[in-house]
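**Student:** model this:
(4 chains)
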Number of protein chains: 2
Amino acid sequence: MRSNLRDKVEDSVREALLTGHFIPGKPITLRGLAEELGVSPMPVREALRSLTAARALELLPNGRIRIPEMTTARFEEILAARLMMEPALAEMAFPHTHEKIAAKLEAIDNRIDDSLQDGDVSAYMRFNRSFHFTLYELAPSTVFLPLVETIWLQFAPFMRTVYGRVGTSFLIDMHKEAISAIRRRDLRALKDAINGDIHDGMGILGRSVMAD
Amino acid sequence: MRSNLRDKVEDSVREALLTGHFIPGKPITLRGLAEELGVSPMPVREALRSLTAARALELLPNGRIRIPEMTTARFEEILAARLMMEPALAEMAFPHTHEKIAAKLEAIDNRIDDSLQDGDVSAYMRFNRSFHFTLYELAPSTVFLPLVETIWLQFAPFMRTVYGRVGTSFLIDMHKEAISAIRRRDLRALKDAINGDIHDGMGILGRSVMAD
DNA sequence: ATACGAAAAATGTGATCACATTATTTTTGT
DNA sequence: ACAAAAATAATGTGATCACATTTTTCGTAT
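**Tutor:** Okay, the predicted model is just below:
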């Protein structure tokens, strides 16, 4: 088995981005991250290069790397991209869903509810991502799936600040509707649920913070 | 002004990919490319890492890097992604078009015709890309535009082999319809032209080769 | 001739170093 | 006390080296 430090570093930065442990605008340094992870700057360089290409990180004119800041225009584009691609991905996944998957999604959704009750934002973000990608990864997709992963890396750090601002008590999602749609073999309802989840869960919340 | 070798290497590999100078399946070596470009392996490493993240290159389990091979499923996904995103990008660009842009596109389109007449596939691919992105880059987009660039990097090497197989004489595009739509200020017609260009120009041609 | 195995070459990875540029801190002058 | 300037520290970039793994080449046996 072939493994390398670069992928380990990339995975851990990915995870940190997706659970909101990096703050938008905050610069990241090679040596700093390297020391933090106990590796040389070399694998960090490659991992950050990769994430920069995925637009999860931003390369400033002076060569510094940071988490990009969110703008209203970018947020609207991300929203539009999600609304285009994720229902399509759900549709590709649909033929591969069955009761066992529905049960798995239900278990994840329960942990989401727990996280919200506890006010544990990181856990919420991790399980929410898990919910969506457990579904999406059923799709035999080598194009859309990576694109959607890229998108999530772009908005996750911002959503963390949103949740921090408005709290976790007002979070709405349409996960239960999605699970029900899978069980009823209702593709239309599944796509609507995903669409609604993005529109109501992310869109409204994000815009409310953006308005400041 | 801050410049670095890495970006120069990346740009030249990008250009080579987009004009079909790399053959799908062909492996790329760090030291080989480095020597070819007259630099050390270091900036090549970073450039290839970046392009791998963009799915323009593929990292094999043994660590080797190559241009991905096309499959029917991947082709269909790429087509679907293009049909989703490019008309949307054209719509975002539309308010920023005017006669001067139309004239510029017309000039590019004339060079496309010349290239086809000469049977110069590389020139054709370069100008075709130039046509599309001259339009798309008018859109104030920081999300869709990079996604579409990623897509083009993924199908360009394959299209080169398609053109090599079926020749350049049967190429159809809807560029003139797009230019006319811009001049008539007809958004609907512009989106239809882009849609048709992708569907007829790439879709039919690609599928015919894929069918082998 | 062909298949197998050993030797040789080539490859990606990670570490370290040197260097120019940029950021930060300290010193100095008024 | 505050601003300007000098010194110091930190950063990304590119090169080179060592190394394990993989690929290729070449010799040998059947």
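**Student:** give me the phi and psi angles of A:E58.
**Tutor:** phi -120, psi 130 (degrees, to the nearest 10).
**Student:** try A:I65
**Tutor:** According to degrees, to the nearest 10, A:I65 has phi -110, psi 140.
**Student:** hmm, it is touching A:P27, no?
**Tutor:** Yes. When contacts are counted by Cβ atoms under 8 Å, A:I65 is listed as touching A:P27 (6.8 Å). In this view, the C-beta of every residue, glycine as well, is placed from N, C-alpha and C.
**Student:** okay, the two: which has more neighbours?
**Tutor:** A side-by-side neighbour count of A:I65 and A:P27, using other Cβ atoms under 10 Å in any protein chain shown, places A:I65 first with 18 against 11.
**Student:** list the contacts for the more buried one?
**Tutor:** Going by Cβ atoms under 8 Å, 6 or more residues apart in numbering or on different chains, A:I65 touches A:27-30, A:48, A:52, A:57-59.
**Student:** distance of the residue most central in space within chain A relative to B:L33?
**Tutor:** Centroid-nearest residue in chain A, with Cα atoms, centre = their mean: A:W152, separated by 3.6 Å. Plainly put, A:W152 is 32 Å away from B:L33 if you go by Cβ to Cβ, to the nearest Å.
**Student:** give me the neighbour count for A:A56.
**Tutor:** Residues lying near A:A56 (other Cβ under 10 Å) number 26.
**Student:** next helix or strand past the helix or strand that contains A:A193?
**Tutor:** Element membership of A:A193 [criterion: DSSP states H and E] is helix A:187-196. From helix A:187-196 onward toward the C-terminus, using DSSP H and E, the following helix or strand is helix A:205-210.
**Student:** kindly report the residues of chain A close to chain B.
**Tutor:** Residues of chain A lying near chain B by Cβ under 8 Å from any Cβ of the partner chain: A:2, A:4, A:45-46, A:49-55, A:61-63, A:73-74, A:77-78, A:80-81, A:84-85, A:88, A:140-144, A:146-147, A:150-151, A:154.
**Student:** local confidence estimate at the nearest residue to A:L60 once chain neighbours are set aside?
**Tutor:** Excluding the flanking residues, the one nearest A:L60 by Cβ to Cβ, 6 or more residues apart in numbering or on different chains is A:R66, at 6.5 Å. Per-residue confidence (pLDDT) for A:R66: 96.
**Student:** is A:R66 in contact with A:I23, as I believe?
**Tutor:** No. Using Cβ under 8 Å, A:R66 is not in contact with A:I23, being 9.6 Å away.
**Student:** of these two, who's got more company?
**Tutor:** For A:R66 and A:I23, the more surrounded residue by other Cβ under 10 Å is A:R66, and the numbers stand at 17 against 14.
**Student:** which residues does the more buried one contact?
**Tutor:** A:25-28, A:57-58, A:60.
**Student:** most neighbours of all those, which one?
**Tutor:** Highest neighbour count within these: A:L57, with 23 neighbours (other Cβ under 10 Å).
**Student:** returning to that earlier point: which phi and psi does the residue nearest to A:L60 have?
**Tutor:** Residue torsions, per degrees, to the nearest 10, at A:R66 are phi -150, psi 170.
**Student:** ok, A:I67 next?
**Tutor:** phi -80, psi 130.
**Student:** so A:M42 sits in a strand?
**Tutor:** No. Counting by DSSP: H, G, I helix; E, B strand; the rest coil, A:M42 falls outside a strand, being helix.
**Student:** nearest spatial neighbour of A:E10, chain-adjacent residues omitted?
**Tutor:** A:A47 (3.8 Å).
**Student:** does the helix or strand containing the one you found reach DNA strand D?
**Tutor:** If you go by DSSP H and E, A:A47 is part of helix A:41-53. Yes. On the criterion Cβ under 7 Å from any atom of the strand, helix A:41-53 is in touch with DNA strand D at A:41-42, A:45.
**Student:** show me the strands in chain A, by range?
**Tutor:** A:27-28, A:58-59, A:65-66 (DSSP state E).
**Student:** and A:I23, how close does it get to chain B?
**Tutor:** When distance is defined by Cβ to the nearest Cβ, to the nearest Å, A:I23 is 20 Å away from chain B.
**Student:** let me see the contact set for the residue nearest to A:L37 when sequence neighbours are not counted.
**Tutor:** Nearest in space to A:L37, with sequence neighbours left out and distances taken as Cβ to Cβ, 6+ apart, is A:V9 at 6.0 Å. Neighbour list for A:V9: A:33, A:37, A:39, A:43-44, A:46-47 [criterion: Cβ under 8 Å, 6+ apart].
**Student:** as PDB, could you dump the C-alpha coordinates of the helix or strand bottoming out on mean pLDDT in chain A?
**Tutor:** Least confident helix or strand of chain A, by mean pLDDT, DSSP states H and E, is helix A:205-210 with a mean of 86. Output in PDB follows, covering the C-alpha atoms of helix A:205-210 (Å, rounded to 0.1, in the frame of the first residue of the first chain):
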ATOM      1  CA  LEU A 205     -29.300  32.000   6.500                       C
ATOM      2  CA  GLY A 206     -26.300  33.200   4.600                       C
ATOM      3  CA  ARG A 207     -28.100  36.100   3.100                       C
ATOM      4  CA  SER A 208     -29.200  37.300   6.500                       C
ATOM      5  CA  VAL A 209     -25.600  37.500   7.700                       C
ATOM      6  CA  MET A 210     -24.400  38.900   4.300                       C
END
